[in-house]
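Q: sequence first, then the predicted structure, then my questions.
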Amino acid sequence: MTEQNTQQEVAVKPTTAVGSVAARGRGFDDDVDQGDFLIPRAKVVTFTSNETKDPDETKRIPAGRFINSVSKLEIPKEFVPIMRYKNYVRFNPIDTRDPNFDKNFEPGKLIFSTRDRHDQRVVEGIVWGENGEKPVVQKVLNYLCYFKGENFPLILSFKSTSYKGAQRLNTLLESAGGDMFSNRYKIIITQESKAGNAYYVLNVEAAGKTGPEDLAICEDIYNRFGGKDLEGMAHQEEAIVTPEDTNTGW
């Protein structure tokens, strides 16, 4: 068999699961679609994450681990971005004396999330104040990604001080050209602190071209999830502000 034919075989290799990138075993004969799944998130466990405070000590996950938000298992830091979308979020301040505190929400909780850039709450909240006050609304860049060894795509998000990581990733993507999933990248996680609060910042670096087999997997994911409401399908954890969110990088 020639090299050309081998690559062609890889390119048309079918994936039978609606969400999975691996062939399914017996028992998965029911009729399901994307709306019946939750897309996990690629998540850095922070010092305030619920995973660090599980009552069962054997289930606690140390801060700094990079995990699947659904399985809670550690995932590789190398990934292939497949498609992206932006949304806007607002967290309630932790300090009840903050002039932006909303008494209708608990301290630190998510007030709203929307993809509509023209939402009046976004229009008013995304601008800097006259005296240099930081915006109360944050931009979040999200990428549907393939992580080698994971049987389901994950959503990787950048916000606050990690937003610069998304800017770097976008620059690398535009420079590389071609399909977004033509190249691999690697997550770099660093710990920083401000005002006595420690938090993690995400950045990225290029990791080479995507191999033929992984390229076929990513193209299949793109075809199946393109045009879908990815944020609506994403695994939504209880949202609470973290020290990172109080040190927004714009």
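A: Everything's here; your move.

Q: would you map the helices across this protein?
A: Counting by DSSP state H, one finds helices in the chain at the ranges 3-11, 120-125, 163-176, 212-225, 230-233.

Q: what are the contacting residues of the second one?
A: In this case it means helix 120-125. Defining contact as C-beta atoms under 8 Å, 6 or more residues apart in numbering, one finds that helix 120-125 is touched by 88, 90, 112, 114, 116-117, 135-137. (C-beta placed from N, C-alpha, C; glycine too.)

Q: can you give me the strands for the chain?
A: Under the criterion DSSP state E, the chain carries strands at the ranges 41-44, 66-68, 78-91, 110-114, 137-147, 154-158, 183-194, 197-209.

Q: how far does the longest one sit from the chain's center?
A: Taking the mean C-alpha point of strand 78-91 and that of its whole chain, the gap between them comes to 5 Å (C-alpha atoms, centre = their mean, to the nearest Å).

Q: sorry, back to before: now the helices of the chain in CSV, please, with extra columns for mean neighbour count, distance to residue 155 and mean pLDDT.
A: Conversion of those to CSV gives the following (neighbours: other C-beta atoms under 10 Å; distance: least, C-beta to C-beta, whole Å; pLDDT from 0 to 100):
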stretch, mean neighbour count, distance to residue 155, mean pLDDT
helix 3-11, 11, 26, 40
helix 120-125, 14, 20, 95
helix 163-176, 17, 13, 96
helix 212-225, 18, 10, 94
helix 230-233, 17, 7, 88
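
Q: now the residue nearest to the spatial centre of the chain, nearest residue through space, not along the chain?
A: Nearest residue to the geometric centre of the chain (C-alpha atoms, centre = their mean): residue 156, 1.9 Å. In space, residue 156 comes closest to residue 42 once its chain neighbours are excluded; the distance is 4.4 Å by C-beta to C-beta, 6 or more residues apart in numbering.

Q: that neighbour contacts residue 70, doesn't it?
A: No: under the criterion of C-beta atoms under 8 Å, residue 42 makes no contact with residue 70, lying 10.8 Å away.

Q: re the thing from before, so what's the residue nearest to residue 156 up against?
A: Listed by C-beta under 8 Å, 6+ apart, the contact set of residue 42 reads 66-69, 75, 79, 145, 147, 154-156, 187.

Q: which residues pair with residue 156 across the strands?
A: Going by DSSP bridges, residue 156 is paired in beta bridges with residue 42, residue 143.

Q: test my guess that it contacts residue 142.
A: Yes: applying C-beta under 8 Å, one finds residue 156 in contact with residue 142, separated by 7.1 Å.

Q: residues near residue 132, how many?
A: 6 (other C-beta atoms under 10 Å).

Q: just for the protein, where's the confidence low?
A: Flagging of the chain using pLDDT under 70 yields the residue ranges 1-19, 22-24, 29, 31-35, 238-250.

Q: may I have stretch 187-198 exported as PDB, CA atoms only?
A: This file holds the C-alpha atoms of stretch 187-198, laid out as PDB (Å, rounded to 0.1, in the frame of the first residue of the first chain):
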ATOM      1  CA  ILE A 187      -0.800  25.100  27.600                       C
ATOM      2  CA  ILE A 188       1.700  26.800  29.900                       C
ATOM      3  CA  ILE A 189       0.400  27.300  33.500                       C
ATOM      4  CA  THR A 190       2.200  29.700  35.800                       C
ATOM      5  CA  GLN A 191       1.300  30.700  39.300                       C
ATOM      6  CA  GLU A 192       1.200  34.400  40.200                       C
ATOM      7  CA  SER A 193       0.000  36.500  43.100                       C
ATOM      8  CA  LYS A 194      -1.300  39.900  43.900                       C
ATOM      9  CA  ALA A 195      -2.200  41.500  47.200                       C
ATOM     10  CA  GLY A 196      -1.500  38.200  48.900                       C
ATOM     11  CA  ASN A 197      -3.800  36.200  46.600                       C
ATOM     12  CA  ALA A 198      -2.400  33.400  44.500                       C
END
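
Q: many thanks, we can stop here.
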